[in-house]
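In: everything below, folded, please.
(one chain, ligands or ions: 1)
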Amino acid sequence: MDTPPSADRLIEEDRRVLWHPYAAANSALPLFAVARATGCRLLLADGRELIDGMASWWAAIHGYNHPRLNAAATRQLANMSHVMFGGLTHEPAVRLAMLLTELTGQDRVFFCDSGSVAVEVAMKMAMQYQIARRRQQKNKFVTICGGYHGDTLHAMSVCDPDTGMHQLWRGLLPRYHFAPRPKSRFDSAWLPNDTEALEAILKARHEELCALILEPIVQGAGGMWFYHPEYLRVARDLCRRYDVLFIADEIATGFGRSGKLFACEHAGVKPDILCLGKALTGGYLTLAATLCADEIAATISMGEPGVFMHGPTFMANPLACAVALESVRMLVQSNWQSAVGGIERALAANLKRCASLPTVRDTRALGAIGVVETVAPINMASMTRRLVELGVWLRPFGHLLYTMPPYCISESELRRLCDAMFEVLQPE
Ligand SMILES: Cc1ncc(COP(=O)(O)O)c(C=O)c1O
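Out: Residues are numbered from 1 along each chain as shown. Okay, the predicted model is just below:
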C-alpha cells in the first residue's frame, strides 16, 4: 500500500491541481488536510484535532464515522452501489421515499444528486405544472432578498441579487422578482407591513408568476438571517390567493436544524413543492430530493408531453438512499429535539457574551445554529487560522462568524467552540 503523503505535500499537490469552493485556482487561502473524522472531531493530517462547528455545511448531523451509518453503507455495498433508475427500482429508494412522504406530508418524491439540482427540479416542476394547466405565461419566479438556493444557473437566478453574482452573469440569468428581506426577526414582534412588498409583486405580476421560492425561517448562506414565522404564513396565503405555487427550500433547514423537523413547521404551513438535501444522508453522500403534492404530479402527467422532463444518471443512487434511510430513521428515533434544544440554549447564552464586544453588531441563535454578525468585514484567512490554532473548525465569511455543529456535540465541546469565537472577535 502507498504510504500516505505528509500534510505539507498533500496541500502542495492540492494547490497544483485542484479547485476549491469559491476560490481562485492559485489561491493562497489557508488549507488544512483532514486525515480522519469521528463524532464531532476532525483529525488533521498534521496530527492536530479540531472540534467541528460546521457539520460540513449543515450536513453531518450525527457526526462523522457513525457506526450505524457505516454499517448501512457496507450492507448496501454488498448488494449494489448503483443501478440506473430508468425502468428499475430498489428497496432503499422506495423505503426512503415512503419515510420522507410520511414525515413531510408530501405525496411524491423526485431524487437527484445535490441541493442545487433539487432546486432546478423544483423550478422546472413549477414551470411544467403551469404549462400543463395551459398557463404558459406563468413562467417567472418571485423570491426574497438575502436568499441562497445553489450555484447552478437557474438556482442562481433566485439567489440574493447583490451577493448572488447577478452582476457577473448579467444577460445570462433569467430576471426574476425580489421582495425585500423580511425585517421581522424570529424572536421579536411581528411587523405587520413586512409582507407588503411581496404582496405588491404578487398582485401586479401574478399572471406571469409560476412560484414563490424561499428558505423558510432561516436564510442560510445569503446572510444567516432568522425571520418571523408570520411572514411564511402570510406568504403561503398570498400564494394561494394569487394562484402561485409555494416552493420551500429546506435543503439547509431540514432534519431538525432550526428546532423543528422542517422549518415550515414553525409557521404550520405546507409548501406545494419542498426541496431537501444536505443532512438527508447525514452528510455521508450527495443526495437531494424534490417533493410535491399529488395534484402537481398528476397535472404534469396529464399535460404535454405527459412526463416530467428530468432524469439524472445517478438518480436515487441506492448507496446514498440506504445511508439516508438509516440517517433519517436514526434522527426520528432519537431525542433530537432535546439535543437541538440544548445546543440552542448553550449557543444563546455563550454568544450573548460576544454581543458586548465592540466588533459585534448582532448575535442570534435558533435550533442548532449560532450566528455572530460583525461590524466590519471578517478577514476570512486570518480568522480561520486563529480558530484552527484554538482547536476549532469554523468558516466565517463576509460579516458572519457562525456555527451549525453536529447534534452530537458535547456541552464542553460547544463551550470551547464559543470560547474560540469570543477570542477571535476581540478587538485588535
Ligand atoms: C438553502 C440552500 N439551497 C440550496 C443549496 C445548494 O445545495 P448544494 O450545495 O448541495 O448544491 C444550499 C447549499 O448551501 C442551500 O443552503
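
In: near the ligand, which residues of the chain are found?
Out: Counting by C-beta under 6 Å from any ligand atom, the chain comes close to the ligand at 57, 114-116, 119, 148-150, 215, 220-221, 249, 251-252, 277. Any C-beta I mention is one placed from the backbone N, CA and C, and that applies to glycine too.

In: from these, which ones fall inside helices?
Out: Trp57, Gly115, Ser116, Val119 (DSSP state H).

In: just the closest of the residues you listed to the ligand, please.
Out: When those are ranked by distance to the ligand (C-beta to the nearest ligand atom), Gly115 comes first, at 2.2 Å.

In: I'd say that closest one and Thr253 touch.
Out: No. If you go by C-beta atoms under 8 Å, Gly115 and Thr253 don't touch, sitting 11.6 Å apart.

In: rewinding a little: drop anything exposed from the residues of the chain next to the ligand.
Out: Among the residues of the chain next to the ligand, the ones that count as buried by 16 or more other C-beta atoms under 10 Å are 57, 114-116, 119, 148-150, 215, 220-221, 249, 251-252, 277.

In: where does pLDDT dip in the stretch 1-150 of the chain?
Out: Within the stretch 1-150 of the chain, the set of residues satisfying pLDDT under 70 comprises 1-2.

In: quick one, helices of it?
Out: 7-17, 55-58, 67-79, 91-104, 115-132 (DSSP state H, counting those that start in this stretch).

In: and the last one, what does it pack onto?
Out: Meaning helix 115-132. Applying 3 or more C-beta pairs under 8 Å, 6 or more residues apart in numbering; DSSP states H and E, we find helix 115-132 packed against strand 108-112, helix 153-156, strand 209-214, strand 245-249, strand 273-276, strand 288-292, helix 294-302.

In: in space, what's closest to Met404 - neighbours in sequence excluded?
Out: Once flanking residues are discounted, Met404 sits nearest to Ile369: 4.8 Å by C-beta to C-beta, 6 or more residues apart in numbering.

In: report the beta-bridge partners for that neighbour.
Out: Beta-bridge pairing for Ile369 (DSSP bridges): Leu366.

In: how about it, what does it touch?
Out: Applying C-beta atoms under 8 Å, 6 or more residues apart in numbering to Ile369 gives the contacts Val218, Met224, Phe226, Arg257, Ser258, Leu347, Tyr402, Thr403, Met404.

In: likewise for Pro182?
Out: Ile144, Asp194, Thr195, Trp225, Tyr227, His228, Tyr231.

In: do you know how far Ala320 is from Cys408?
Out: 21 Å (C-beta to C-beta, to the nearest Å).

In: higher neighbour count, these two?
Out: Between Ala320 and Cys408, Ala320 has the larger neighbour count (other C-beta atoms under 10 Å), namely 26 against 17.

In: Gly283 is in contact with that one, correct?
Out: No. Checked against C-beta under 8 Å, the pair Ala320 and Gly283 is beyond contact range at 11.4 Å.

In: related to what we said a few turns ago, what is the nearest of the residues of the chain next to the ligand to the ligand?
Out: Closest to the ligand, out of all of the residues of the chain next to the ligand and judged by C-beta to the nearest ligand atom, is Gly115, at 2.2 Å.

In: what sits against that closest one?
Out: Gly150, Ile251, Cys275, Gly277, Lys278, Ala288.

In: farthest pair in the residues you listed?
Out: The distance between the two most remote of these (C-beta to C-beta) is 11.1 Å, for Gly150 and Lys278.

In: overlap of the contact sets of those two?
Out: Gly115, Ile251.

In: which residues touch the residue nearest to Leu172 when sequence neighbours are not counted?
Out: Distances taken as C-beta to C-beta, 6+ apart place Leu153 nearest to Leu172, at 7.0 Å, with adjacent residues excluded. Listed by C-beta under 8 Å, 6+ apart, the contact partners of Leu153 are Trp169, Leu172, Leu173.

In: so which of those residues wins on neighbours?
Out: Counting neighbours by other C-beta under 10 Å, the top entry in the contacts of Leu153 is Leu173, with 19 neighbours.

In: so it makes contact with Cys159?
Out: No. Using C-beta under 8 Å as the test, Leu173 is too far from Cys159 to be in contact (9.3 Å).

In: ok so, going back, closest to the ligand among the contacts of Ile369?
Out: Val218 (8.5 Å).

In: picking that back up, among the contacts of Pro182, name the ones in helices.
Out: Tyr231.

In: buried subset of the contacts of Pro182?
Out: Ile144, Asp194, Thr195, Trp225, Tyr227, His228, Tyr231.

In: just the ones of those in strands?
Out: Ile144, Trp225 (DSSP state E).

In: which two of the buried ones among the contacts of Pro182 have the greatest separation?
Out: Thr195 and Trp225 (15.7 Å).

In: residue contacts, Arg75?
Out: In this structure, Arg75 makes contact with Ala322, judged by C-beta under 8 Å, 6+ apart.

In: from the ligand, how far out is the closest residue to Met123 other than its chain neighbours?
Out: The shortest distance from Met123 to any non-neighbouring residue, by C-beta to C-beta, 6+ apart, is to His154 (5.4 Å). Remark: distance between His154 and the ligand (C-beta to the nearest ligand atom, to the nearest Å) = 12 Å.

In: please tell me how far His154 sits from Leu261.
Out: 28 Å.

In: who touches the residue positioned nearest the centre of the chain in this structure?
Out: Nearest to the mean C-alpha position of the chain, by C-alpha atoms, centre = their mean, lies Ala252 at 2.1 Å. For Ala252, the contacting residues are Trp58, Glu215, Val218, Gly220, Ala221, Lys278, by C-beta under 8 Å, 6+ apart.

In: is it true that the first one touches Thr281?
Out: No. With contact defined as C-beta under 8 Å, Trp58 and Thr281 do not form a contacting pair (12.0 Å).

In: ok, those two, which is more surrounded?
Out: Thr281 (29 against 24).

In: quick one, domains of the chain?
Out: Here the domain assignment for the chain is 7-65+335-424, 69-333, based on automatic domain parsing.
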